[in-house]
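Following is a predicted model, sequence given first.
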Amino acid sequence: MKKKLMEYAFKYGSMISALALMIGVSAGGAACWGWQYQPKEPEGMRKFKRNLD
């Protein structure tokens, strides 16, 4: 079981991390509506965002 998980992590790890970064950057500029909680943005994420101001 552990061996299969490690094989999966090595095979798809870079794809999953790239997808997570893409989702994080795209969601970084969006604001929450109403009662939803919006945590603070990590400092490291700011370098990936475009400044449209």
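The structure has been received and is ready for your questions. Everything quoted here is computed from the prediction, not taken from an experiment. Numbers count the residues shown, from 1 in each chain.

Quick check: which ranges of this structure have low pLDDT?
When the per-residue scores of the chain are filtered using pLDDT under 70, the ranges that remain are 28-39, 49-53.

Which parts of it are helices?
Listed in chain order, the helices found in the chain under DSSP state H are 2-28.

Hmm, residue 20 and residue 48 touching each other?
No - when contacts are counted by CB atoms under 8 Å, residue 48 is not listed as touching residue 20 (11.7 Å). Heads up, the C-betas are built off the backbone N, CA and C, glycines and all.

what separates residue 27 from residue 13, distance-wise?
Residue 27 sits 21 Å away from residue 13, taking CB to CB, to the nearest Å as the criterion.

Ignore what I typed, I meant residue 6.
According to CB to CB, residue 6 and residue 13 sit 10 Å apart.

Need phi/psi at residue 41.
Here is the backbone geometry of residue 41 (degrees, to the nearest 10): phi -80, psi 130.

okay, now it: neighbour count?
Other residues near residue 41 number 13, with proximity taken as other CB atoms under 10 Å.

again with residue 6
For residue 6, the tally of surrounding residues (other CB under 10 Å) stands at 11.

go on, residue 25?
The burial metric for residue 25, expressed as a neighbour count using other CB under 10 Å, is 15.

Just confirm it contacts residue 45, I think it does.
Yes - A contact is recorded between residue 25 and residue 45 when judged using CB under 8 Å, the distance being 6.9 Å.

No further questions, thank you.
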